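> only the shape, not the letters, is given here:
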């Protein structure tokens, strides 16, 4: 793929993440094209259907999260890496959930990368626990329940950023051994 085509594809996916992640079904491919700075034909050249575009945006979301999750799992300071990761997952979770809700059943590519993310989160959690920063009685399923809970709440009813920050702080305080 040519460099300009790769750049167009990336801009389209970023725009799709924003448009569909915030507006859901009310978003349009025309909006995506405008935000990406390309014509609608360019969008459909890369993604023949709206569903293909949404799926690719969701895979892109998870792939980026996987990179950051693996970095957190390998970070020199697991006591700082895990809270930063949890904060990001909650703050960006509403967009991911909105995209996922538009697809119905999760496509195999999404299921695969989501499983890899969860395994990396589990590793980051265990490293933070081994460092004594996180309660030892918490497992990745409980952590995911907390993350999903806040992400789903903000997807259904957006809240002011300051309120979300405080809610995340409460979760992080509850996980902490301090």
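Great, that's in hand. Keep in mind it's a predicted model, so treat the numbers as computed, not measured.

> give me the low-pLDDT residue ranges for this structure?
1 (pLDDT under 70).

> can you pull out the helices in the protein?
With helices called from DSSP state H, the chain shows them at 3-23, 29-36, 40-46, 50-74, 78-101, 108-130, 140-156, 161-175.

> make JSON lines from these and add mean neighbour count to it.
In short, each C-beta sits where N, CA and C put it, glycine included. Shown next, in JSON lines, are these (neighbours: other CB atoms under 10 Å):
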{"stretch": "helix 3-23", "mean neighbour count": "18"}
{"stretch": "helix 29-36", "mean neighbour count": "19"}
{"stretch": "helix 40-46", "mean neighbour count": "15"}
{"stretch": "helix 50-74", "mean neighbour count": "19"}
{"stretch": "helix 78-101", "mean neighbour count": "20"}
{"stretch": "helix 108-130", "mean neighbour count": "18"}
{"stretch": "helix 140-156", "mean neighbour count": "16"}
{"stretch": "helix 161-175", "mean neighbour count": "14"}
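
> now do the contacts for the nearest residue to residue 63 once chain neighbours are set aside.
Nearest residue to residue 63, sequence neighbours excluded (CB to CB, 6 or more residues apart in numbering): residue 113, at 5.8 Å. Residues near residue 113 by CB atoms under 8 Å, 6 or more residues apart in numbering: 59, 62, 63, 66.
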